[in-house]
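Colleague: Have a look at this fold, sequence not included:
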């Protein structure tokens, strides 16, 4: 079937061009009309090829947005206490609105405009030059506008992930300011370095330390996860932590959110192929297998340690696996994906259930434990398991594929992966610490202890999440 | 008139309700409460953190009875709610000064 889809447009061009040429030769000397017609037909063929890619990419963009709302909103929302459920969901939802505007005004340009090795330029501010024409450096078969809006969804979810670290104690106003500055000064440089033209770490466009990061293990998960840790340390523990029990108010809601994340992640990873062909399929499969193996890994670890596998453990495991497979999705085979997932599930469980308690910091919803650690595992293992058989990303001058990762015999790649990991960590630590201090000085980060005890839904938003008994005012 | 408060296991509620109806008790107020006597709770795990839940779900039945029915009611409730294990619950009795039927302002035992 895919053979037909690939060759029918080509065959159409050949037949049409041939028949036109025959017509031109037989009917007379008016060749300018034929040349125009040929150009027109070539455009139609290009449009036909683009239609599949563009349809998939628009769906992928929608799937990634769904990951934030309601996926992450529900996942995080269910994990906090009832009095903070709306505030927690708002921390994701607000990103959908605020980051979008920032993106349109300036962030897209900073990420994907031509600039230097570290940051893009201002050529695309206000989305100038972002229209129906593809940018062949990024994605040759889809409008640049599709690429822009797809990338926007990544820019939205990345800061939203950080909110897990400061859940139940951050002021809404401070959160908005912090996230906006973080998006500009931490996300944009990292995205540019890995995915932007001229980026230091860009594997496809000749970066100095070409890093294999298919869908954002470094750009999204390490930056947000490490930033989350800094936030947790700077803001300090919640009132009453860890003596007072603060179990999730609804694992059911988190469950729904996690499953939406799993499904949405197909847009996140497979969509990063930026086309609808076999690479997207490969990434789709790797994503799914990574999630499955990680869920099993986490549950097994829990079963052994606590005697029972929990639902929360299952869904936490699958998210850890999805995080770890994110950089690897378009570079590794299915068996490698299972391996990466299994490792991430077990290691992230240990991080969350053992290490965090020992170290005593209050990363409320385990943003660092799952995204920071999972992303690092995934980024490094990508250097191990990447193979040219799945994605011949490195080519020599003749166009033949060069080894990708350790599995192909390229032991150098894991070094590049490490460079990207370190850059992500340093950028996150320095950038986040600086922005936190700035926002704290300007308007203060944390709500008062009284407001924290009363609950953020009431004190920040004037609402209650659930009013089951409307008869009692 | 005597007020009877019974705190029982939720799973025994249907049996207790039927037993009270059988002896002629026509009114009761039921609430879902939490509590414990000597019964221990259980532990739950969320992401590796252990939570001890020691306030357990119970059902509280409140009813005001004419004095002649009190002993029968206590027997009926105990027999219906008893399992023999810790956590079966308790019954408390107290004196009631007055009862009023809101609909027609009847007072005393006829208001029950």
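Modeller: The structure has been received and is ready for your questions. The shown structure was predicted, so the numbers you read here are calculated from the model rather than taken from an experiment.

Colleague: C-alpha from now on. contacts and neighbour counts both.
Modeller: Noted.

Colleague: what's the longest helix in the chain?
Modeller: No chain was given, so I picked chain A. helix A:31-66 (DSSP state H).

Colleague: wrong chain, I was asking about chain B
Modeller: helix B:70-81.

Colleague: Please name every helix or strand in contact with that helix.
Modeller: Counting contacts by 3 or more CA pairs under 8 Å, 6 or more residues apart in numbering or on different chains; DSSP states H and E, helix B:70-81 is packed against strand B:2-8, helix B:13-22.

Colleague: mind listing what's buried in the longest helix of chain A?
Modeller: Within helix A:31-66, the residues scored as buried using 16 or more other CA atoms under 10 Å in any protein chain shown are A:38, A:41-42, A:45, A:49-50, A:52-54, A:56-58, A:60-66.

Colleague: what's the burial count for residue A:358?
Modeller: Number of residues near residue A:358 (other CA atoms under 10 Å in any protein chain shown) recorded here: 10.

Colleague: So what's the gap between the helix or strand where it lies and the chain middle?
Modeller: Using DSSP states H and E, residue A:358 sits within helix A:356-359. Chain-centre distance of helix A:356-359: 27 Å, with CA atoms, centre = their mean, to the nearest Å.

Colleague: which secondary structure element contains residue A:289?
Modeller: Here residue A:289, judged by DSSP H and E, is contained in helix A:278-306.

Colleague: Name the residues of the stretch 351-473 of chain A found near chain B, please.
Modeller: Taking CA under 8 Å from any CA of the partner chain, the part of the stretch 351-473 of chain A that reaches chain B is made up of A:352-354.

Colleague: Any chance of those in TSV with neighbour count as columns?
Modeller: What follows is these, written out as TSV (neighbours: other CA atoms under 10 Å in any protein chain shown):
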residue	neighbour count
A:352	23
A:353	20
A:354	14
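
Colleague: ok, back up a step: and the angle from the longest helix of chain B to helix B:13-22?
Modeller: Following axes from the mean of the first three to the mean of the last three CA atoms, to 10 degrees, one obtains 150 degrees for the angle between helix B:70-81 and helix B:13-22.

Colleague: what's downstream of helix B:70-81, the next helix or strand?
Modeller: Following helix B:70-81 in sequence order, the next helix or strand is strand B:89-95 (DSSP H and E).

Colleague: Enumerate the positions of that following strand that are buried.
Modeller: By neighbour count with 16+ other CA under 10 Å, strand B:89-95 contains the buried residues residue B:89.

Colleague: ok, back up a step: what sits up against the helix holding residue A:358?
Modeller: A:362, A:369 (CA atoms under 8 Å, 6 or more residues apart in numbering or on different chains).

Colleague: what's the next secondary structure element after that helix?
Modeller: Per DSSP H and E, the first helix or strand lying C-terminal to helix A:356-359 is helix A:367.

Colleague: thinking again about what came up before, now tabulate the helices and strands packed on helix B:70-81 in CSV and tack on mean neighbour count and mean pLDDT.
Modeller: Below are the helices and strands packed on helix B:70-81 laid out as CSV (neighbours: other CA atoms under 10 Å in any protein chain shown; pLDDT from 0 to 100):
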stretch, mean neighbour count, mean pLDDT
strand B:2-8, 21, 97
helix B:13-22, 17, 96
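
Colleague: So whichever residue of the stretch 101-250 of chain A sits closest to chain B, which state does it fall into?
Modeller: For the stretch 101-250 of chain A and chain B, the shortest gap (CA to the nearest CA) falls at residue A:245, measuring 6.3 Å. The local conformation at residue A:245, judged by DSSP: H, G, I helix; E, B strand; the rest coil, is coil.
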